[in-house]
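Participant: any chance you can model this:
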Amino acid sequence: AEVRQLQEELYNVQLEAAKNKLSERNCVAVIQRLISLGWLEVVFSCDGKEYITPKQLEKDILDELYVCGGRVAMTDLAQTLNVDYSHVEKKVNELLSHDTKLSIHYG
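Facilitator: I've put the predicted structure just below:
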């Protein structure tokens, strides 16, 4: 009898938790609303199916630099991170202006 009662409680808790979850469509709608209000800035992927924050793009660029041993072509960064080259170029220039240990080399 005690096991049955525990099973019922677990079932009720699982049902209750499901009531508080947002569907993927609702999450997308919330994010789109935040973007339209200017409360959230995002960088869209090249295919437009995903987006990341500028801060995440910065982190991804630094991570990729680390993985590549400190040298990576910006065109490769754009392709690897699946974002437009202009976003990578802008973020790299911001990083260069704030971090004196970073430098850009052409050629």
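Participant: kindly list the main-chain dihedrals of L22?
Facilitator: Main-chain torsions, L22, degrees, to the nearest 10: phi -100, psi 140.
Participant: ok, the residue nearest to it when sequence neighbours are not counted - how many residues close by?
Facilitator: Using Cβ to Cβ, 6 or more residues apart in numbering and skipping residues adjacent in sequence, the residue nearest L22 is V30, 7.2 Å away. Just so you know, the C-beta spots here come from the backbone N, C-alpha and C atoms, and that holds for glycine as well. Other residues near V30 number 12, with proximity taken as other Cβ atoms under 10 Å.
Participant: where do the helices sit along the chain?
Facilitator: For the chain, the helices defined by DSSP state H occupy 2-19, 24-36, 54-67, 74-81, 85-98.
Participant: Throw these into a markdown table and include distance to G48 and mean pLDDT, thanks.
Facilitator: What follows is the helices of the chain, written out as a markdown table (distance: least, Cβ to Cβ, whole Å; pLDDT from 0 to 100):
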| stretch | distance to G48 | mean pLDDT |
| --- | --- | --- |
| helix 2-19 | 30 | 77 |
| helix 24-36 | 12 | 90 |
| helix 54-67 | 16 | 95 |
| helix 74-81 | 15 | 94 |
| helix 85-98 | 13 | 93 |
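Participant: great, nothing more from me.
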